[in-house]
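[1] Sequence and predicted structure, then a few things I'm wondering about:
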Amino acid sequence: MKISVVQMNSQDDKAKNIADASRLIRSAVEQDSPDLVVLPETFTYMGGTVESRRAHAETFPDGEAYRAMSALAAELKVNIHAGSMAEAAGEKCYNTTIVFNREGKEIARYRKIHLFDVNVPGGNSYLESDTMKRGEEVVVYDLEGVKVGCAICYDLRFPELFRKLRDKGAQLIVLPAAFTLQTGKDHWEQLLCARAIETQSYVAASAQIFGHDEGRKLCFGHSLVIDPWGVTIADCSDRIGHASATIDPDYAEQIRKAMPVADHHVVA
């Protein structure tokens, strides 16, 4: 299975963001013919006011981004793991991933479990829980014979979630993200490699890059695909674009048989 991870710089113009995502998906399909294309976290809208973010939240299946990604998946005959977008849910929203198959049908939905409420180095504060609800379901879906686990950005720091994905059969874990520059330069690749090694799974992470919210908040970029041995096999450079890699689920199974970590886990 070939995977393309897309790197974006979404802003507070939803129509443009959807158009940019569509253009990048088309480019990836034209250049690399992937089976699965992965978009970043909150690819539909970043920055703006709390009120504007709520106003641009999606309702499914009627939202603009939902309909655009569904139609594009069907047109290009490609599976799309549509990053994440704000899903309207009363006063707050969910940070939600939707996955579309080659026919444009929704085959999975994941709501981000761990909300990003932190003060990062450099003085920026992020309080995702002010506007977002947390999800509760651990989601693994079947994609043409490959078991795919779902996570979003800050979920990366919680290995217990990744172990649950592994225990549910995930051979590939997909993580859309908008990882901050301050933490990303020191933690991004290290954490992704650790999660791949721990779960003996492929990890595909699509990221936002550059400045958002009029340059007040910066994202690290470096969308990656990492193999079950912890080796990076695709890496987007410091630009908007995409990178692709071919994964082999049999390789993950070989590693799991040779080093059966899951069988050796002991609960303290």
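    Arrived safely. Numbering: from 1, shown residues only.
[2] For the rest of this, base every contact and every neighbour count on C-alpha atoms.
    OK.
[3] where does the chain have low pLDDT?
    Across the chain, residues meeting the criterion (pLDDT under 70) sit at 120-123, 268.
[4] middle-most residue in it, spatially?
    Compute the mean C-alpha point of the chain, and by C-alpha atoms, centre = their mean the closest residue is Pro176, 1.5 Å away.
[5] ok now the one helix or strand it maps to, how far from the chain's centre?
    When secondary structure is defined by DSSP states H and E, Pro176 falls within strand 172-177. Here the centre of strand 172-177 is set off from its chain's centre by 4 Å, with C-alpha atoms, centre = their mean, to the nearest Å.
[6] What of stretch 188-207?
    Its chain's C-alpha centre lies 12 Å from the corresponding centre of stretch 188-207 when counted by C-alpha atoms, centre = their mean.
[7] Give me the distance between the two termini of it.
    From its first residue to its last, stretch 188-207 covers 10 Å (C-alpha to C-alpha, to the nearest Å).
[8] And for the strand holding Pro176, what's in contact with it?
    Contacts of strand 172-177 from elsewhere in the structure, counted by C-alpha atoms under 8 Å, 6 or more residues apart in numbering, are 38-42, 83-84, 146-154, 156, 165, 201-208, 249.
[9] Paired strands for it, with orientation please.
    Based on DSSP bridges, the pairing partners of strand 172-177 within the sheet are strand 146-150 (parallel), strand 202-207 (parallel).
[10] after the longest strand seen in the chain, next one along is what?
    Ranked by number of residues, the top strand in the chain under DSSP state E is strand 92-100. Using DSSP H and E, the next helix or strand after strand 92-100 towards the C-terminus is strand 106-111.
[11] Can you list the strands that that next one pairs with?
    Partners of strand 106-111 in its sheet, by DSSP bridges: strand 92-100 (antiparallel).
[12] can you pull the buried residues of the partner strand?
    Neighbour counts using 16 or more other C-alpha atoms under 10 Å place 92-100 of strand 92-100 among the buried residues.
[13] can you check stretch 242-261 too?
    Along stretch 242-261, these residues count as buried under the neighbour rule (16+ other C-alpha under 10 Å): 242-245, 247, 249, 251-253, 255-256.
[14] Restricted to helices, list those.
    Residues from the buried residues of stretch 242-261 lying in helices, with DSSP state H as the criterion: 249, 251-253, 255-256.
[15] I'd like these written out as CSV, with distance to Cys219 added.
    Converted to CSV, those look like this (distance: C-alpha to C-alpha, whole Å):
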residue, distance to Cys219
Pro249, 31
Tyr251, 32
Ala252, 30
Glu253, 34
Ile255, 33
Arg256, 34
